[in-house]
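> No letters, just coordinates:
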Ligand SMILES: O=c1ccn([C@@H]2O[C@H](COP(=O)(O)OP(=O)(O)O[C@H]3OC[C@@H](O)[C@H](O)[C@H]3O)[C@@H](O)[C@H]2O)c(=O)[nH]1
C-alpha cells in the first residue's frame, strides 16, 4: 500500500513537471503569437493609413481643375447664364441624356429619381461634380428646393413598366405633377412636362397634330399612363392660367437609344436584344378592323434628337403642346427586318396577337416644332440603331459578368387588387 502511494506521489511529481513544462511552452507561444498578431494588425493599420494618406494627398495636391478632368468636359457659364435645373426622372433613359447635355452646357443640375426604372449607373459619371446633385426621391412626395427650371420626366414610360403598377403610375403623373407644379409656383420656375404621343390614344387622325384631342379608352390597360399624362397636361394649363406658372409641354413619340433598360419591353430594345441573342423577334400583329393584316406602323426618334428638342422647347416662348417625334414611318415588320440585318442575326420573326388598345398607327405632325423651334430629327435611323445595338452588346457583356439586372414583374395581385403604394 505504501509502495502504491509512493508511486502515485512519484507520478504526480513527474506529471507536475510535465504540466509545468507544457504551461511554460504555452505561455511563450501565446506571447509570441500575441505579438505577431499585434504586429500584423499594426502593419494592417499602417497600410490602411498609408492608403488613406495617399488618396487624400492625391486629392489635395491636385488643383481643382485637374481633379475635375475625370468628368466629361463642362462649359463655363457666368452666374447670369447658369441655371439651377431640376430633372425629375433624371437617372432614366431620356433623363440621363438630358442631364449630360445640361451639365456639359455648364448648368447646375439636380437629378431626382426613385430608381424604379432609372439607374444610378446612368448618371454615375457626374457624381461628385460641383454642379451636380443626385437625390433619391419620389415625386409623389413634395420637394423643397430652389431651382430656375424643372424638366418633369418622372414616370415609367414603357407599357410593361407603367402597367406593372397602374395605381402608382397614376399617382406619379397626377400627384407627382401637382407637386412639381407647386414647386414651380413657389420658386417661380418654368416647368416642362414630358407628355407623350399616347395622349392621342389609338388615333383616328393621321398624322397627329397638336390640335387633335385624341382617342383614348379611359378604362383600358393603358389608361393609367395615357389619362395620367392627359390630366398632367390639364394641370399644367390650370397652373398657368390660375397661378401664372410658365409651362412647356412636349408630346414625345417613340424614342430609343443607349441607356434603355434591358427589360424596358418596348419594341426597339426588345428587337435588338432578341436579335443579339438569336431569339425570335416578337412582332405584334395588327388586329381589329384592318383587313390588310399588316403589323402596326410606327416612327422612331433617337434620344439625342429628343434631348435637343426638349431643351429648345424649354427655352422657347411656346407654352402650348409641341410634338417631338420622327415623322419617318416604318411598319413593325420592316423594322424587325432592319434590326435583323444590322445585327446580322439569324433570328426568326414570330407573330404575336395584338395587345389590347395597342395603337395601330402613329406619326407626328412636326410642322409646329419645325416652324417655331427650328427643330427636326437629324440622326438617321440606321445610325441611331447601330449606336443602340453597340450599347445593348455592352449590356449583355455586363450581364454575363454576373451583374444582376432585375426584370419587371407582372402586377402582383393581393385579394383581387394590385399592390400599390
Ligand atoms: O416586342 C414587341 C414590342 C412592341 N411591339 C409593337 O411595337 C409597337 C410600339 O410599341 P412600344 O412598346 O415600343 O411602345 P408604344 O408605342 O406602345 O408606347 C410608347 O409610345 C410612346 C411613348 O411616349 C411611350 O413612352 C411608350 O409608351 C406596338 O404596336 C407594339 O405592339 C412589337 O411588335 N413587339
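It's in. This structure is a prediction, so every number in the text was calculated from the model and none was measured. Numbers count the residues shown, from 1 in each chain.

> Near the ligand, which residues of the stretch 151-300 of the chain are found?
157-159, 196-198, 252-254, 266-267, 270, 282-284, 296, 298 (C-beta under 6 Å from any ligand atom). (Glycine included, C-beta is placed from N, CA and C.)

> and with 5 Å instead?
157, 159, 196-197, 252, 254, 266-267, 270, 282-284, 296 (C-beta under 5 Å from any ligand atom).

> Reformat those residues as JSON lines; add neighbour count and distance to residue 312.
Listed next are those as JSON lines, based on neighbours: other C-beta atoms under 10 Å; distance: C-beta to C-beta, whole Å:
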{"residue": "157", "neighbour count": "24", "distance to residue 312": "21"}
{"residue": "159", "neighbour count": "19", "distance to residue 312": "28"}
{"residue": "196", "neighbour count": "22", "distance to residue 312": "19"}
{"residue": "197", "neighbour count": "25", "distance to residue 312": "19"}
{"residue": "252", "neighbour count": "23", "distance to residue 312": "14"}
{"residue": "254", "neighbour count": "18", "distance to residue 312": "20"}
{"residue": "266", "neighbour count": "19", "distance to residue 312": "25"}
{"residue": "267", "neighbour count": "23", "distance to residue 312": "27"}
{"residue": "270", "neighbour count": "21", "distance to residue 312": "30"}
{"residue": "282", "neighbour count": "15", "distance to residue 312": "36"}
{"residue": "283", "neighbour count": "21", "distance to residue 312": "35"}
{"residue": "284", "neighbour count": "16", "distance to residue 312": "33"}
{"residue": "296", "neighbour count": "22", "distance to residue 312": "30"}
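
> Make CSV from the residues you listed and add pLDDT and secondary structure to it.
Shown next, in CSV, are those (pLDDT from 0 to 100; DSSP: H, G, I helix; E, B strand; the rest coil):
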residue, pLDDT, secondary structure
157, 96, coil
159, 94, helix
196, 98, strand
197, 97, helix
252, 98, strand
254, 95, coil
266, 94, coil
267, 94, helix
270, 96, helix
282, 94, strand
283, 92, strand
284, 87, strand
296, 74, coil
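
> Go through those residues and say which is closest to residue 341.
Closest approach between these and residue 341, by C-beta to C-beta: residue 283, at 15.1 Å.

> my guess is that closest one meets residue 332, correct?
Yes. Residue 283 sits in contact with residue 332 when judged by C-beta atoms under 8 Å, with a separation of 5.3 Å.

> follow-up on the earlier one: going by distance to residue 214, which of the residues of the stretch 151-300 of the chain next to the ligand wins?
Closest to residue 214, out of all of those and judged by C-beta to C-beta, is residue 197, at 9.6 Å.

> Please give me every residue in contact with the closest one.
Residue 197 sits next to 208, 251-254, 323, 325, 362, 364 when contact means C-beta atoms under 8 Å, 6 or more residues apart in numbering.

> same deal with residue 133?
108-111.

> can you rerun that using 10 Å?
For residue 133, the contact set (C-beta atoms under 10 Å, 6 or more residues apart in numbering) comprises 84, 86, 90, 108-112, 126-127, 145.

> just checking, which of the contacts of residue 197 belong to helices?
Using DSSP state H, the subset of these located in helices is empty.

> What about those, which are in strands?
251-252, 323 (DSSP state E).

> As a markdown table, those residues with distance to residue 80 would be great.
Below are those laid out as a markdown table (distance: C-beta to C-beta, whole Å):
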| residue | distance to residue 80 |
| --- | --- |
| 251 | 32 |
| 252 | 31 |
| 323 | 32 |
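
> Make sure residue 117 is actually in contact with residue 157.
Yes. With contact defined as C-beta atoms under 10 Å, residue 117 reaches residue 157; the gap is 7.5 Å.

> what residues do these two have in common as contacts?
By C-beta under 10 Å, 6+ apart, the residues touching both residue 117 and residue 157 are 89, 92-93, 260, 264.

> one step back: find the residues that touch each one of residue 283 and residue 332.
Joint contacts of residue 283 and residue 332 (C-beta under 10 Å, 6+ apart) are 267, 271, 295-296, 349, 351.

> Now render those residues as JSON lines, adding distance to residue 77.
Listed next are these as JSON lines, based on distance: C-beta to C-beta, whole Å:
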{"residue": "267", "distance to residue 77": "38"}
{"residue": "271", "distance to residue 77": "40"}
{"residue": "295", "distance to residue 77": "47"}
{"residue": "296", "distance to residue 77": "44"}
{"residue": "349", "distance to residue 77": "49"}
{"residue": "351", "distance to residue 77": "52"}
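
> can you list the weak-confidence ranges in this protein?
By pLDDT under 70, the low-scoring segments of the chain are 1-21, 23-69, 286-295, 402-421.

> where do the helices sit along it?
Along the chain, counting by DSSP H, helices occupy 2-61, 64-67, 93-104, 159-164, 166-187, 223-243, 267-276, 303-314, 332-343, 367-373, 381-400.

> Nearest to residue 171 among the ones in strands among the contacts of residue 197?
Of all the ones in strands among the contacts of residue 197, residue 171 sits closest to residue 252, with 20.6 Å by C-beta to C-beta.

> So what's the residue count around residue 119?
Applying other C-beta atoms under 10 Å, we find 16 residues neighbouring residue 119.

> Look up phi and psi at the closest residue in space to it that isn't next to it in sequence.
Among residues not flanking residue 119 along the chain, residue 91 sits closest, at 5.9 Å (C-beta to C-beta, 6 or more residues apart in numbering). Backbone geometry at residue 91, expressed as degrees, to the nearest 10, gives phi -100, psi 10.

> pretty sure residue 91 is touching residue 124, no?
Yes. Between residue 91 and residue 124 there is a contact at 9.2 Å, judged by C-beta under 10 Å.

> These two - which one has more neighbours?
residue 91 (25 against 12).

> so what's the more buried one up against?
Taking C-beta under 10 Å, 6+ apart, we find residue 91 in contact with 99, 111-115, 117-124, 134, 136, 154, 259.

> Of these, select the buried ones using a ChimeraX command.
A single ChimeraX command suffices to select whichever of the contacts of residue 91 are buried according to 16 or more other C-beta atoms under 10 Å:
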select :99,111,112,113,114,117,118,119,122,123,134,154,259
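
> From residue 110, how far off is residue 135?
Using C-beta to C-beta, to the nearest Å, residue 135 is found at 6 Å from residue 110.
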